[in-house]
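Student: The amino acid sequence is not available; the structure is as follows:
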């Protein structure tokens, strides 16, 4: 199971002292502040969303975790770095008191024991549940802990838990000692009367799909019952290579492999056509579960893709197989023995390219597909929905700089400028933005760069930052081909829009640090270890800007409510500042 990414952990001795807060240029800007942590910290973690701060500090000879200004219990040793849920609404950590470990979830103790958590504390991807594995140092037993409740103990390893799509159910496998050893399945905290391994939930979350392997056969099970028709088709010496579960309904693809015979793929109990003789390297369902694509390799090493039973052309290699979010198109990249590269959408090849720049980019929630290739003259070509734009000089920037708006209706990319000044420019919907000529983008040197090109959620605006080639130095911020802000000797970081697209915020770093909202300076303070840490600045769903900054001997979280007199439209009307 894939868990949510761990929050970034940074060790901190002390933060820089903040300068006095700037006076907002508009009296209607509302600024609120809250102390969320001490200045002196053993280490801190910032939530991925919600701008929450957890910092570990000492009180006398003991250690305390402070989350959003609220102190937790005292520990004899430094508590382990906390984890946040993906939405930032929940947090958890553990520490040791005497001979026991104590687990804290959302500020409350939920478990205590003589052992210790094994591995890491984790939240489910959507943050609905919290889990970890508890180890007993005395007995050697392990238990899966779900929201503070213990599952059956085992002396053997626990399998990784799996969750239904809505996270209402969970399951895992464990081994109990004895002969013969048997994989016991635990579903929703209770042992079930059937066994299996390689567990997954059906797309609707109502059934458990598992594999059962004995000395004489291997079979696929749904809720402990062999899939009808499938076991009888598997001769001795044949193995189930793997199975893939559709994201919708109860649909399973089973890849059956025989070293002396053909490979077959079954959709539930029916074999699919087009995949009978070769190895199956990858199998994917479309997001709606109605379509499939199988990547296969022949015995001589060539590769091809079967889409809904239709076999495509053979290539030397195939990569980046996938479906668009609306399931309307399957696509992949392919290379021939002569070194020509193609992007294939359904069964239609693009023009041949000497190489491709990154992976194909899918537009928003729709079916738009774009990519960048290099032709035989060494020029870069951007292709949008199969239509090639005029070639340009090659890119030299890192990363794939092609992006779509959220709904896929618009696109933008970085290109070598045709201006006599050189440098690079932005192309939006095929039109070069003449005013935006610069020599680099703002993500250089930042280990966690934000998107260099950012559309507003409604697709009406696009913001980007770069260093101008006009010889004046400093960086500029452009919105829709208009320079709206310029700072000498400073770097502009993390531009972001409010969810309604009406407000824009960014930060600047130079000799000091400043936060701007709709072009108005909200606050200026000194540099600190918080700079560059993801999650320290966020425009919320209500349009309120929140950010963390040091202030004298503490760390504060600031909430800035924008004035009704400021907006992106107003900033564009005012022009450069």
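Tutor: Here it is on my side, so go on. Small disclaimer: the values here were computed from a predicted structure and weren't measured.

Student: List the residue ranges of the stretch 151-300 of the chain that fall below the pLDDT cut-off.
Tutor: Applying pLDDT under 70 to the stretch 151-300 of the chain flags the ranges 176-182, 213-218, 228-238, 258-262, 276-277.

Student: For it, which segments count as strands?
Tutor: For the stretch 151-300 of the chain, the strands defined by DSSP state E, counting those that start in this stretch cover 162-163, 170-176, 182-187, 190-195, 197-201, 208-213, 218-222, 225-226, 238-245, 252-258, 264-267, 270-271, 279-285, 292-297.

Student: Okay, buried residues for the second one please.
Tutor: For strand 170-176, burial by neighbour count (16 or more other Cβ atoms under 10 Å) applies to 170-175. Every C-beta, even on glycine, is put in place using the N, C-alpha and C of the backbone.

Student: before we move on, what about the third one?
Tutor: Neighbour-count burial for strand 182-187 flags 183-187 (criterion: 16+ other Cβ under 10 Å).

Student: Was I right to think residue 486 contacts residue 476?
Tutor: Yes. Shown here, residue 486 and residue 476 form a contact pair, counting by Cβ atoms under 8 Å, at 4.6 Å.

Student: Same drill for the two, tell me which one is more crowded.
Tutor: residue 476 (23 against 18; other Cβ atoms under 10 Å).

Student: And that one, what's its pLDDT?
Tutor: Note on residue 476: pLDDT of 81.

Student: what are the ranges of the helices in this protein?
Tutor: With DSSP state H as the criterion, the chain has helices at 568-574.

Student: Helix or strand with the lowest mean pLDDT in it?
Tutor: Lowest by mean pLDDT, DSSP states H and E among the helices and strands of the chain is strand 9-10, with a mean of 37.

Student: need the contact list for the nearest residue to residue 263 once chain neighbours are set aside.
Tutor: Leaving aside its chain neighbours, residue 263 sits nearest to residue 257 (4.9 Å; criterion: Cβ to Cβ, 6 or more residues apart in numbering). Counting by Cβ atoms under 8 Å, 6 or more residues apart in numbering, residue 257 makes contact with 238-241, 263, 279-280.

Student: Tell me the bridge partners for residue 257.
Tutor: Beta-bridge partners recorded for residue 257 (DSSP bridges): residue 239.

Student: Tell me where the model's unsure across the stretch 451-577 of the chain.
Tutor: 451-452, 467-474, 528-529, 531-532, 577.

Student: ok, 90 please
Tutor: Low-confidence segments of the stretch 451-577 of the chain (pLDDT under 90): 451-454, 463-478, 480-502, 505-554, 560-567, 574-577.

Student: What about residue 140, how many residues nearby?
Tutor: Using other Cβ under 10 Å, the number of residues around residue 140 comes to 12.

Student: Out of the buried residues of strand 170-176, which comes closest to residue 347?
Tutor: Taking Cβ to Cβ as the measure, residue 347 lies nearest residue 171 of the buried residues of strand 170-176, at 38.7 Å.

Student: what's the nearest residue to that closest one if we skip its chain neighbours?
Tutor: residue 187 (4.5 Å).

Student: any idea how far residue 123 is from the one you found?
Tutor: Separation of residue 187 from residue 123 (Cβ to Cβ, to the nearest Å): 20 Å.

Student: now residue 349
Tutor: Distance, residue 349 to residue 123, using Cβ to Cβ: 43 Å.

Student: and those two? which has more neighbours close in?
Tutor: Higher neighbour count among residue 349 and residue 123: residue 123, with 23 against 15, using other Cβ under 10 Å.

Student: Neighbours of the residue nearest to residue 84 when sequence neighbours are not counted, how many?
Tutor: Nearest non-adjacent residue to residue 84, counting by Cβ to Cβ, 6+ apart: residue 47, 4.0 Å away. Close neighbours of residue 47, defined as other Cβ under 10 Å, add up to 26.

Student: ok, now which ones touch residue 47?
Tutor: With Cβ under 8 Å, 6+ apart, residue 47 has these contacts: 7, 53-54, 84, 88, 91, 535.

Student: Just among these, which is most surrounded?
Tutor: Within the contacts of residue 47, most neighbours by other Cβ under 10 Å means residue 54, with 28 neighbours.

Student: Show the contacting residues for that residue.
Tutor: Residues near residue 54 by Cβ under 8 Å, 6+ apart: 37, 44-47, 65-68, 82, 84, 91, 93.

Student: Between these, which sits nearest residue 223?
Tutor: Among the contacts of residue 54, and counting by Cβ to Cβ, the member closest to residue 223 is residue 84, at 34.8 Å.

Student: On the pLDDT front, check that closest one for me.
Tutor: Per-residue pLDDT puts residue 84 at 97.

Student: try the one 10 residues further on
Tutor: We note a pLDDT of 92 for residue 94 in this prediction.

Student: Check residue 45 too.
Tutor: Listed pLDDT for residue 45 reads 92.

Student: Please apply the same query to residue 146.
Tutor: 93.

Student: now it: how far from residue 121?
Tutor: Using Cβ to Cβ, residue 146 is found at 12 Å from residue 121.

Student: shared neighbours of those two, which are they?
Tutor: In contact with both residue 146 and residue 121: 130-131, using Cβ under 8 Å, 6+ apart.

Student: So for those two, which sits in the more crowded spot?
Tutor: Using other Cβ under 10 Å, the more surrounded residue of residue 146 and residue 121 is residue 121, with 23 against 19.

Student: Surely that one and residue 134 touch.
Tutor: No. Contact criterion Cβ under 8 Å: residue 121 and residue 134 do not qualify, at 10.8 Å.

Student: one step back: possible to save the contacts of residue 54 as CSV with distance to residue 271?
Tutor: Converted to CSV, the contacts of residue 54 look like this (distance: Cβ to Cβ, whole Å):
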residue, distance to residue 271
37, 60
44, 56
45, 50
46, 51
47, 48
65, 56
66, 60
67, 55
68, 56
82, 50
84, 46
91, 49
93, 51
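
Student: Looking at the residues you listed, which is nearest residue 296?
Tutor: The nearest one, if we look at these relative to residue 296 and count by Cβ to Cβ, is residue 84, at 41.8 Å.

Student: what sits against that closest one?
Tutor: Each residue near residue 84 by Cβ under 8 Å, 6+ apart is listed here: 7, 45, 47-48, 52, 54, 90-91, 123.

Student: Narrow the residues you listed to those in strands?
Tutor: Judged by DSSP state E, strands contain the following of the contacts of residue 84: 45, 54, 91, 123.

Student: Surely the last one touches residue 146?
Tutor: Same thing as residue 123. No. Contact criterion Cβ under 8 Å: residue 123 and residue 146 do not qualify, at 11.4 Å.
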